[in-house]
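Peer 1: Everything below, folded, please.
(one chain, ligands or ions: 2)
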Amino acid sequence: MRKLHLKAKTGECDILIGEPIGSIQEYMGNAQAVIITDKNVRKLHGDMFPAVPVIEIGTGEGAKTLETAQMIYKKLAELGMDRTGVIIGIGGGLACDVAGFAAATYMRGVKLILVPTTLLACADAAIGGKNGVNLAGYKNLVGTIRQPETVICDFELLKTLPREEIASGFAEVIKTACIADATLFTYLEENLLQAMNLKKSVIEKVMHDSIAVKAGIVEKDESEKNERMKLNFGHTVGHSIENTLGLRHGEAVAIGMMVAAGISQKRGLASRKDCDRLQALIEKAGLPARLPGKSKENLGKIKDALSKDKKKRGSAIRMALMNGIGKARVEEVQISEIEGVLDDLC
Ligand SMILES: NC(=O)c1ccc[n+]([C@@H]2O[C@H](COP(=O)([O-])OP(=O)(O)OC[C@H]3O[C@@H](n4cnc5c(N)ncnc54)[C@H](O)[C@@H]3O)[C@@H](O)[C@H]2O)c1
Ligand SMILES: [Zn+2]
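Peer 2: Ligands and ions are numbered 1, 2, ... in the order given. Below you'll find the predicted structure:
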């Protein structure tokens, strides 16, 4: 087991990497505890949960709503939870986000323990304190930033995930290495498949190093003013691709990273070799490095989504670029420049 400690304005968090879910009792102490989980995770892993009441939520983005939060508040009240209680969120990013939102708002905030059960949730969603629900068709429109007390990453729980879900989560790990940790990037080049097979020593090392980067960035810039924007590497274009082509998040981010790498190369920030290494690692994970199919229609839709990006300012957008392998910088990029590289990636 490896341990990290994140200290930010909205709280301090212990992140336990490779800790079995069975030890959760130690961290909840004598407080009244309630589990929030989704129905799939409960079915697969419920026998390992501590013996406390469970509130089950649905799956899919349609379950990440204020109605779900309201259902949770009512059940917590019925169970008599007061301000000294602790919510335990067990599940993927969705359950973590909803549990985090409920914990931040019920009685103005109760303690939160997260047990992420997808690779994306271990690498990203459970780390950094962001939570929220969707509203009126907007993702994460309502939410807060508040650190959980404890995050327990038990990689045994991830063994029930389909391979594509693991690969998709690894896009975030590759991203993190690419923007901030050249040593981790090299380690991934050599050990990616063992990590994806969840080999204990390898996955613990990789996730420790990857989470350490995110935690470090969050400590410096919790509310995403500048430093935290680097974590959006691959996401500006990735989100447009995810929304229009319906790819998994990590698959879309993988293509988005190749677009950002292409722009970085054109600006002299990355070499051809850097881009080739990134592409090779993405492909090794079984993720796409190029847009699937050649349909001009798809490209048009992506460009359209990009031009409607809410972070756009005039004809430009602030975007995370790579600055060689292991470093990043945020620069203003013209939408036309992004479109040019997208054309090349078709
Ligand atoms: N708060 C943040 O900083 C942050 C960052 C990234 C993403 N997110 C959020 O995370 C969500 C996506 O998370 P996700 O990709 O983990 O998806 P998810 O939580 O929707 O889980 C995907 C599917 O996997 C199932 N599942 C979960 N754990 C499993 C396991 N161990 N074995 C088998 N199946 C399992 C779930 O039931 C679900 O059907 C989005 O809502 C996104 O907004 C939040
Ligand atoms: Zn992401």
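
Peer 1: hey, let's count contacts and neighbours off CA atoms from now on
Peer 2: Will do.

Peer 1: Convert the C-alpha atoms of stretch 55-62 to PDB, please.
Peer 2: Output of stretch 55-62 as PDB, limited to C-alpha atoms (Å, rounded to 0.1, in the frame of the first residue of the first chain):
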ATOM      1  CA  ILE A  55     -28.400   3.900  -0.700                       C
ATOM      2  CA  GLU A  56     -28.400   2.700  -4.300                       C
ATOM      3  CA  ILE A  57     -28.400   5.100  -7.200                       C
ATOM      4  CA  GLY A  58     -28.900   4.300 -10.900                       C
ATOM      5  CA  THR A  59     -26.200   4.100 -13.600                       C
ATOM      6  CA  GLY A  60     -25.500   6.400 -16.600                       C
ATOM      7  CA  GLU A  61     -25.300  10.200 -16.700                       C
ATOM      8  CA  GLY A  62     -29.200  10.300 -16.500                       C
END
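
Peer 1: That stretch: which residues count as buried?
Peer 2: 55, 56, 57, 59 (16 or more other C-alpha atoms under 10 Å).

Peer 1: Just the closest of those residues to ligand 1, please.
Peer 2: residue 59 (5.4 Å; C-alpha to the nearest ligand atom).

Peer 1: ok, how many other residues are close to the spatially closest residue to the closest one that is not a sequence neighbour?
Peer 2: In this structure, residue 59 finds its nearest non-sequential neighbour in residue 38, 6.2 Å apart by C-alpha to C-alpha, 6 or more residues apart in numbering. Neighbour count of residue 38, defined by other C-alpha atoms under 10 Å: 23.

Peer 1: near ligand 1, which residues of the stretch 1-150 of the chain show up?
Peer 2: Taking C-alpha under 6 Å from any ligand atom as the contact definition, the stretch 1-150 of the chain meets ligand 1 at 38, 40-41, 59-61, 91-95, 97, 117-118, 120-121, 124-125, 130-131.

Peer 1: per the record, what domains does the chain have?
Peer 2: Annotated domains of the chain cover 2-160, 163-198+223-344 [automatic domain parsing].

Peer 1: can you map out the helices along the stretch 201-346 of the chain?
Peer 2: For the stretch 201-346 of the chain, the helices defined by DSSP state H, counting those that start in this stretch occupy 235-245, 249-266, 272-284, 296-307, 335-344.

Peer 1: What of the stretch 1-150 of the chain?
Peer 2: Taking DSSP H, counting those that start in this stretch as the criterion, the stretch 1-150 of the chain carries its helices at 24-28, 39-45, 66-78, 93-105, 119-120.
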